[in-house]
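Engineer: Make a model of this:
(one chain, ligands or ions: 2)
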Amino acid sequence: MDYPGNLFVVSAPSGAGKSSLVKALLELDSQVYRSISHTTRAPRGQEKHGREYYFASREDFEKMIAGNAFVEWANVHGNMYGTSKKAIEERLAKGADIVLEIDYQGALQIKESFPHAVLIFILPPSWDELRSRLENRGEDTSDVIAVRLKNAHQEMSQVDKFDFVIINELFERALFDLKAVVHSQRLRFLCQRRTRAEIFSSLDISDSLENS
Ligand SMILES: Nc1nc2c(ncn2[C@@H]2O[C@H](COP(=O)(O)OP(=O)(O)O)[C@@H](O)[C@H]2O)c(=O)[nH]1
Ligand SMILES: Nc1ncnc2c1ncn2[C@@H]1O[C@H](COP(=O)(O)OP(=O)(O)O)[C@@H](O)[C@H]1O
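Structural biologist: Numbers count the residues shown, from 1 in each chain. Ligands and ions are numbered 1, 2, ... in the order given. Sure thing, here's the model as predicted:
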């Protein structure tokens, strides 16, 4: 499968700041869209169906798996999460850039199906900071936080399978790094994904290089 749009995958342990960073990126960059995943997790306080996630029953989620509706899915912290084909294929085919906020299992599945996908891993500066971000977010019970911190060890051990690592210590610095990755991929895209004729066809220099 190959598409003209760029596909960015952002993974991180819970609380590292991936949702905040992706949200800030989208506010600054109108050419990038966030894919909305399906999940069996219950909505948090402010979350809305169709905005943060499509919230689904386990039964409906399993029907979607059986119907081959997902490009990737995984069980994360005891809930099912998946990216539907519908969520990304139409937009990518139109040349839009898509960002997926998914776990490392999903990220690795995406790389298999979309070798051009750019995998970005966000790390917190320390365990203490990760814990305090989860606690201060105030969305999860202490049991849920404990599971997420425990799973963070396994998740962080996957970091070397990613193309880029961003340390989210100072938020603005991490956002700058994320923007830099997106920007550099757009520039690289020209050479990676287009023939020379396609690159030159939009430029005045196309004729002079035709026979070289
Ligand atoms: N594989 C996969 N993981 C997902 C998807 N959507 C979200 N996740 C991951 O599931 C994990 C839990 O997400 P969430 O419940 O929103 O909690 P948070 O990470 O604490 O914000 C995170 O690692 C997400 O990146 C998806 O469509 N596929
Ligand atoms: N660089 C940062 N410094 C301090 N707090 C941060 C930083 N980045 C994110 N946070 C806060 O940490 C909490 C977790 O961030 P969030 O984006 O929800 O993480 P994730 O999506 O990875 O679970 C939120 O309350 C967020 O406002």
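
Engineer: what's around the residue of the chain found nearest ligand 1, how many residues?
Structural biologist: Nearest to ligand 1, among the residues of the chain, is Gly106, at 2.5 Å (C-beta to the nearest ligand atom). Heads up, the C-betas are built off the backbone N, CA and C, glycines and all. Using other C-beta atoms under 10 Å, Gly106 has 23 other residues around it.

Engineer: got it, and Arg173?
Structural biologist: Neighbour count for Arg173, taken as other C-beta under 10 Å: 12.

Engineer: helices or strands next to the longest helix along the chain in the packing?
Structural biologist: When the chain is parsed with DSSP state H, its longest helix is helix 171-193. With contacts taken as 3 or more C-beta pairs under 8 Å, 6 or more residues apart in numbering; DSSP states H and E, helix 171-193 sits against strand 7-11, helix 18-28, strand 118-123, strand 164-167.

Engineer: can you list the residues that contact that helix?
Structural biologist: 2, 4, 6, 8, 10, 17, 20-22, 24-25, 28-29, 32, 97, 116, 118, 120, 122, 164, 166-168, 199 (C-beta atoms under 8 Å, 6 or more residues apart in numbering).

Engineer: was I right about Val10 contacting Leu100?
Structural biologist: Yes - between Val10 and Leu100 there is a contact at 7.1 Å, judged by C-beta atoms under 8 Å.

Engineer: Listing request: residues of the protein with sub-threshold pLDDT.
Structural biologist: Residues of the chain meeting the criterion pLDDT under 70: 1-3, 193, 206-212.

Engineer: how about 90 then?
Structural biologist: When residues are selected by pLDDT under 90, those of the chain lie in 1-5, 45, 86-87, 89-96, 139-140, 186-212.

Engineer: related to what we said a few turns ago, gap between the residue of the chain closest to ligand 1 and ligand 2?
Structural biologist: As defined by C-beta to the nearest ligand atom, to the nearest Å, Gly106 lies at a distance of 14 Å from ligand 2.

Engineer: With Gln109 instead?
Structural biologist: 19 Å.

Engineer: Can you read off the backbone torsions of Asp29?
Structural biologist: Per-residue torsions, Asp29: phi -130, psi 100 (degrees, to the nearest 10).

Engineer: Near Gly45, how many residues? Count them for me, please.
Structural biologist: 6.

Engineer: In three-state terms, how would the nearest residue to it once chain neighbours are set aside be classified?
Structural biologist: Distances taken as C-beta to C-beta, 6 or more residues apart in numbering put Glu139 closest to Gly45, at 6.5 Å, once the chain neighbours are dropped. Three-state call for Glu139 (DSSP: H, G, I helix; E, B strand; the rest coil): coil.
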